[in-house]
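1. Build me a model:
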Amino acid sequence: MDDLEKAIRFSFDQSGAVDSALKSQAVSFCQQIKGAPLICTICIEKLYFCKLVEVQFWCLQTLYEVIKVKYALMSVEEKNFIRKSVFSMACYEFFDDNKSAVRVLESPPYIRNKLAQVLVTLIYFEYPLIWSSVFVDFLPRLSKGSVVIDMFCRVLNSLDDELISLDYLRTSEEIAVAGRVKDAMRQQCVEQIVRAWYEIVTMYRNSDFELCTSVLDCMRRYISWIDINLIVNDAFIPLLFELILGDGLSEQFRGAAVRCVLAVVSKRMDPQSKLCLLQRLQISRVFGLVSGDVESELVSEVAALLTGYAVEALECVKRLNSEDATGEVSMKLLNEVLPSVFYVMQNCKIDTTFSIVQFLSGYVATMRSLSPLREEQLLHVGQILEVIRTQICYEPVYRDHLDVLDKIGIEEEARMVEFRKDLLVLLRSVGRVAPDVTQLFIRTALVSSVVSSPDRNVEEMEAALSLLYALGESMSDEAMRSGSGFLSELMPMLLQTRLPCHSNRLVALVYLETVTRYMKFVQENIQYIPMVLGAFLDDRGIHHPNIHVSRRASYLFMRVVKLLKAKLVPYIEKILQSLQDTVARFTSMNYSSKELSGSEDGSHIFEAIGLLIGMEDVLLEKQSDYLSSLLTPLCQQVQALLQNAKALNPEESPAKIANAQQIIMAINSLSKGFSERLVTSSRPAIGLMFKQTLDVLVQILVVFPRVEPLRSKVTSFIHRMVDTLGSSVFPYLPKALGQLLAESEPKEMVGFLVLLNQLICKFNTSVRDILDEIFPAIAGRIFNVIPRDGFPSGPGTNTEEIRELQELQRTLYTFLHVIATHDLSSVFLSPKSRSYLDPIMQLLLSTSCNHKDYLVRKACVQIFIRLIKDWCVRPYGEEKVPGFRSFIIEVFSRDCCLYSVLDKSFEFGDANTLVLFGEIVTAQKVMYEKFGNDFLIHLVSKDFPSACCPRDLAEQYCQKLQGSDIKALKSSYQSLIEKLRLQQNGSLVFR
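-> From the prediction side, this is the model:
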C-alpha cells in the first residue's frame, strides 16, 4: 500500500482509530494530489490494481471532478486513454489484456454507480460528435451476462439522472446537450436498446428477477421520450402484462412491469392517439390485483397504474367531443376503470403524485353537461360520496386525544381541518350536480353511524354530520326554509335522535354546528322549536360535560335566539329555568382558569338571555321581573365585594376580582338585547334598572382604581350603556370619566380616548361641557408622556413602552380629529385649555409634514382645514384666535402645503399619498377663501420663491386657486410640484 492509498484510507476513516491530526494531514495530501498533471492516469492505474473500495471510490470521484472541470484542457491522447480505460472497466474487460487486473464491476453497487457517473460525464462531452459509438459498442458486450447488463442499466440510469430527466433543475447548456444526446440516440441506437431490453427480460424472467427488475426500471425512465411504438406493440405489451399477472414472480419484478405500463399510459400525446393507446392496453386485466393485500408493494403499484390510467381517460373525455364516437369510447374506458379507482381510494395507499380531489373534481365537472345523469353516473356519485366520507373520517387511535384536546389532539384536529377543505368543496360540487343522491347518501350515513359498532361510531357519526354541515353551505336560503329534497326528513331525524356517542367532544360540536346551520328550516317549521331547545339546553349542548362543548353551545344558542327571536317568546320561562344553574356557575367560577381563555368565555349565554327578554313582545311586567331577577343578585354580589374590599387578604383578592370581572361581563352581555328606544322611550323602568346597575359598577373604579382588568371591563360596560341609555347616561359620566382619567397609564388612556370618541360621535355638541372640564387634564397627561422631538429609532427602541406611547399618540390624533369635525373646536379655546393650544398646533404641524403614515397626516390636515373654517372669519375681520391666522399663512402653508409635498418621499404614485395631496390642495383653497389676497401675496412673494419657483408659474397657480374647479386645481398643483422637483434635481432639502 503506497502513500496515496494510505492517505485515502485515513481520510475515509469513520472508526476514530486514526488520529485527527493525521486524518487532517491525509485529507490535505489527497486534495493536493488532485492537482497533479497525471492525476487521471494515477486514478485509472489504481482502479485496475487496487481492491480497496475507499481507493476505488476516491479515484472515480476524482476522475469525475477532473473531467467535468478540465475536459477542455486535456490533450487528445489523455482523453483517448481515459475513454478507453473507463469503457473497458464498464464492459468487464482487462487492462492491456492483464488478466490479474482488478475488475471494478465486482465492487459494491455504489462503486459501480460512480463508474457509471464517470462514463456519463464523458458522454456529456463526446457523444455523438467525438464518441459516436459508445452505445453501439456497449450492446454486443451485453452477451457477457448479468454483470455487464447491470452496468449498462446503471449507465442509462445515470444518464437520465445527470442529464435527461426534467425532475431536476437544468441549465440551458444541459438542456441543449440533453436534446442533442436524445436526438442522436433516437437515430442511432434506441431501437437496438429496446430490443436488448426485451431479449434480456425474456431470457432472464425465470432465473434472475433482480436483473429483470433493474432492466424494466431502466426502461421506464426512457419511455417518455422514445418512440412509443417500440414499446406498444404485439411483443412488449403482452410480455409486460404476462409479468404483471405472473404469480410465480417476485413482487418487485411484477411492480417494475406495472411501472412501465404506467409510463406508457402517462406518455404525452394528442387525445385521439392516447385514446387508441388506452384501448389497446385492455387494462381490465389487472383490476383484480388491487383486491389483494393492501400493504403489499404490488397492490400499491397497480393502484398507481389504475389511478394514472383514470386520469388519462378523464383527460380524453374532457378533450374529445362527448357526442361523437370517440367521446363515447373515452367515457366507456373511464367508466370501466372507475369502480376499481374508487376501491383504491378507499382501501389502498395512494401515490403522492395523484390527487384524489383533483381527479374527482374533474370527473364531477364532466357530469354538469349531462342532464339528466345516467344510472351509471348516479352510481359513481354514490361512490364519490363514499370516498369523501372515508377520507374525512378521523382515525380511532386519536379519539381520546381529540376528546380531551391535548397536544396530540390539537395537532390532529388542525391537520384534519386543513385536509378536509378541498374534500368538502368537492362534496358541495357533487351536491349541486346530484342533490337528491347527496342528501340520501348523508341520510343513510347518519342512520348507519347511529347503529355502527362502538369502535367506529364516533368517527363515522362525526364524518356524517360534517358532510351534512358542509352541504348546507351550498344550499340556498329558500331551499333550506322549504326543506327541499330529504332535508324535511333529515332535520327532524337529527333533532329527535339521541346519539350514543354524544358525549364525545367532536360529535357534540359538529351536531350543534349543523343544527345551527339549518336553523332557517326551523324558522319556517316552528313545530320543531321544542326539539331545538332540547338539543341546546340539555346535555347535548349547554349542559354538556365537556367545557369546550358547553361554551360553544352558549355561543350557538345566542345565534339561534337572534334568528328565531319572537318565535321563542312562549318558551322564555322554560329557557330561563333551564339556564339557572349555568348563570349561577358563570358568575361564581374562578376566572383565572385557563378554560375561560378565548372569545367563547361563556358570556354569550347572557347575551342570548338578553335578546330573549329584551324584546318588546315580552310583557313589561314579565320583562321587569326577568331582568330584575338577573341584575339584582349580580349587583348585590358586586356591592358585597365593594363593602368588604378593605378586608380582603392577598389570597382572596385575585379570586374575588376575577369573580367581579365575570359579573361585569355577564351584565354587559345581557344588556346587548335591549334597544335604546325600549329603555328610554317605551319602557323607561327598564332603563332605570340599567342606570342603577351602572351606578353600582362605577363604584368599582373608586374602590379598585388601579386594577386594570376591572377598569377595562367597566369601561366596556360604559360603552354599552352609551348605546343603550342614550343621553340619559349623562349624569353618570362625570364621576366615571373622572375616575378613569385619574389613574390612567398610557395604555389605559387609549381606551379612555376611544370612549370619549364614542360619546362625541353619538352626542356631538351635547358633550361640550364634559369636554371643557376634562380636556386640560387629558392634554396635560398626554403631553407629559409623549416625547416632543418624536420617538427614537434604531436598535433597542421597539420596546413595549414605546409601542404603547405610539398607540396613544395615534389615538390622540383621532380624538383631536373627532373634536374638530363635530363642531367642538371651541374646547381648545376654553381658558383652562388655552395653554395647550400651541403644543397641539406644533404637534399637528409636525405630524402633517413628517409622519410616515400618510392617513395620519391626512387627518391632521383635515383638522387644520376645520380649524381655519371655525376660527377665521373672512378677510380683515377680527381674529378669533390671535396669531392663528399668521401661523397658518406663514408656517402651515409653507411647511405642510409646499415643502412636505416637494420632498422626494412624497410619491404621487401611491393611493394614500394622493388622498393626502387632495386634502392639502383643499386646505389651500380654504385658506384663499378665508384670507383672500393676503394668502396669495404671501404665497407668491415668500413661499414659492423660497422653493426657487419661477414667478410666472407661481402666478399661474394662484390664478387657478381663485377658480372653482378643485379637480383642475389639484392637477395643476401636482404639475407645478413635479416641475419644481425637476428644476431642483434634489439640490434643495426642506425642513
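
2. can we go C-alpha only for contacts and neighbour counts from here?
-> Will do.

3. Go ahead and confirm Val53 touches Tyr110.
-> No. Counting by Cα atoms under 8 Å, Val53 sits too far from Tyr110 to count as a contact (9.6 Å).

4. Just want to know which of these two has more residues nearby.
-> Val53 (16 against 11; other Cα atoms under 10 Å).

5. what does the model give that one for pLDDT?
-> Listed pLDDT for Val53 reads 93.

6. Provide the backbone phi and psi angles at it.
-> When read as degrees, to the nearest 10, the backbone of Val53 gives phi -70, psi -30.

7. What of Tyr394?
-> According to degrees, to the nearest 10, Tyr394 has phi -70, psi 160.

8. From Pro454, how far out is it?
-> Counting by Cα to Cα, to the nearest Å, the gap from Tyr394 to Pro454 is 14 Å.

9. Can you list the buried residues in the host helix or strand of Glu978?
-> Element membership of Glu978 [criterion: DSSP states H and E] is helix 966-984. The neighbour-count check on helix 966-984 (16 or more other Cα atoms under 10 Å) flags Leu969, Lys970, Tyr973, Gln974, Leu976, Ile977, Leu980, Arg981 as buried.

10. Same check on stretch 821-829?
-> For stretch 821-829, by 16+ other Cα under 10 Å, it's Thr821, Asp823, Leu824, Ser825, Val827, Phe828, Leu829.

11. Same check on stretch 57-68?
-> Quick answer for stretch 57-68 (16+ other Cα under 10 Å): Phe57, Trp58, Cys59, Leu60, Gln61, Thr62, Leu63, Tyr64, Val66, Ile67.

12. Could I get those residues in a markdown table, plus columns for pLDDT, secondary structure and distance to Ala660?
-> Below are the buried residues of stretch 57-68 laid out as a markdown table (pLDDT from 0 to 100; DSSP: H, G, I helix; E, B strand; the rest coil; distance: Cα to Cα, whole Å):
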| residue | pLDDT | secondary structure | distance to Ala660 |
| --- | --- | --- | --- |
| Phe57 | 96 | helix | 77 |
| Trp58 | 95 | helix | 77 |
| Cys59 | 95 | helix | 80 |
| Leu60 | 96 | helix | 79 |
| Gln61 | 95 | helix | 76 |
| Thr62 | 95 | helix | 78 |
| Leu63 | 96 | helix | 81 |
| Tyr64 | 96 | helix | 78 |
| Val66 | 95 | helix | 80 |
| Ile67 | 95 | helix | 81 |
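
13. With respect to Ile718, which of these is nearest?
-> Gln61 (78.6 Å; Cα to Cα).

14. In which helix or strand does Arg559 reside?
-> With DSSP H and E as the criterion, the answer for Arg559 is helix 547-564.

15. Next, the angle from the next helix or strand after that helix to helix 547-564.
-> Using DSSP H and E, the next helix or strand after helix 547-564 towards the C-terminus is helix 572-586. Using axes from the mean of the first three to the mean of the last three Cα atoms, to 10 degrees, one finds that helix 572-586 and helix 547-564 are set 150 degrees apart in direction.

16. Pull the residues that contact whichever helix or strand comes after helix 572-586.
-> Next helix or strand after helix 572-586 toward the C-terminus (DSSP H and E): helix 604-613. Here helix 604-613 makes contact (Cα atoms under 8 Å, 6 or more residues apart in numbering) with 554-555, 557-559, 561-562, 565-566, 568-569, 572, 576, 583, 623, 626-627, 666-667, 669-674.

17. and the angle for helix 604-613 with helix 572-586?
-> Using the same axes, to 10 degrees: helix 604-613 against helix 572-586 is 150 degrees.

18. which other residues reach the next helix or strand after helix 604-613?
-> Heading C-terminal from helix 604-613, the first helix or strand you meet, by DSSP H and E, is helix 620-643. For helix 620-643, the surrounding residues in contact (Cα under 8 Å, 6+ apart) are 587, 613-614, 656, 660, 663, 667, 683, 685-686, 689, 693, 696-697, 699-700, 703.

19. Could you rerun that using 7 Å?
-> Ile613, Ala660, Ile663, Ile686, Thr693, Val696, Ile700, Val703 (Cα atoms under 7 Å, 6 or more residues apart in numbering).

20. quick one: which of the buried residues of stretch 57-68 is nearest to Ala21?
-> Of the buried residues of stretch 57-68, the one sitting nearest to Ala21 (Cα to Cα) turns out to be Trp58, at 20.3 Å.

21. other SSEs contacting the helix holding Arg559?
-> Packing contacts for helix 547-564, counted by 3 or more Cα pairs under 7 Å, 6 or more residues apart in numbering; DSSP states H and E, involve helix 505-517, helix 604-613.

22. again, only this time at 8 Å
-> helix 505-517, helix 519-524, helix 604-613 (3 or more Cα pairs under 8 Å, 6 or more residues apart in numbering; DSSP states H and E).

23. Can I get the buried residues of stretch 821-829 in TSV including pLDDT, distance to Pro950 and secondary structure?
-> Formatted as TSV, the buried residues of stretch 821-829 follow (pLDDT from 0 to 100; distance: Cα to Cα, whole Å; DSSP: H, G, I helix; E, B strand; the rest coil):
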residue	pLDDT	distance to Pro950	secondary structure
Thr821	95	37	coil
Asp823	94	40	coil
Leu824	95	41	coil
Ser825	94	38	helix
Val827	94	42	helix
Phe828	94	39	helix
Leu829	93	40	helix
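
24. Just put these in JSON lines and tack on distance to Tyr222.
-> Below are the buried residues of stretch 821-829 laid out as JSON lines (distance: Cα to Cα, whole Å):
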{"residue": "Thr821", "distance to Tyr222": "76"}
{"residue": "Asp823", "distance to Tyr222": "81"}
{"residue": "Leu824", "distance to Tyr222": "82"}
{"residue": "Ser825", "distance to Tyr222": "82"}
{"residue": "Val827", "distance to Tyr222": "85"}
{"residue": "Phe828", "distance to Tyr222": "84"}
{"residue": "Leu829", "distance to Tyr222": "87"}
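
25. Greatest separation within those residues: which pair is it?
-> Thr821 and Leu829, at 15.4 Å, using Cα to Cα across those.

26. ok so, going back, any idea which of the contacts of helix 620-643 is closest to Thr847?
-> Ile700 (37.9 Å).

27. helix, strand or coil for Val881?
-> coil (DSSP: H, G, I helix; E, B strand; the rest coil).

28. Gly248 versus the closest residue to it other than its chain neighbours, what's the distance?
-> Once flanking residues are discounted, Val881 sits nearest to Trp871: 6.5 Å by Cα to Cα, 6 or more residues apart in numbering. The gap separating Trp871 from Gly248 is 102 Å, by Cα to Cα.

29. Confirm that Gly909 sits in a strand.
-> No. Read with three-state DSSP, Gly909 is coil and lies in no strand.

30. Do you know the pLDDT at it?
-> 89.

31. Just the buried ones from the contacts of helix 604-613, in ChimeraX syntax?
-> Those of these that count as buried under 16+ other Cα under 10 Å are selected in ChimeraX with:
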select :554,555,557,558,559,561,562,565,566,568,569,576,583,623,626,627,666,667,669,670,671,672,673,674
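
32. Buried deepest among the helices and strands packed on helix 547-564, which one?
-> Among those, the stretch with the highest mean neighbour count (mean count of other Cα atoms under 10 Å) is helix 604-613, at a mean of 26.

33. If you average the pLDDT over that helix, what comes out?
-> 95.

34. got it, and stretch 775-791?
-> 87.

35. residues in contact with it?
-> Leu741, Pro746, Ile802, Leu805, Gln806, Gln809, Val827, Lys832, Ser833, Tyr836.

36. which residues are in contact with stretch 418-425?
-> Val357, Ile388, Ile392, Leu467, Ala470.

37. picking up where we left off before, for the buried residues of helix 966-984, please prepare TSV with the additional fields distance to Ala7.
-> Below are the buried residues of helix 966-984 laid out as TSV (distance: Cα to Cα, whole Å):
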residue	distance to Ala7
Leu969	84
Lys970	80
Tyr973	79
Gln974	76
Leu976	78
Ile977	75
Leu980	74
Arg981	70
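
38. Lovely, talk soon.
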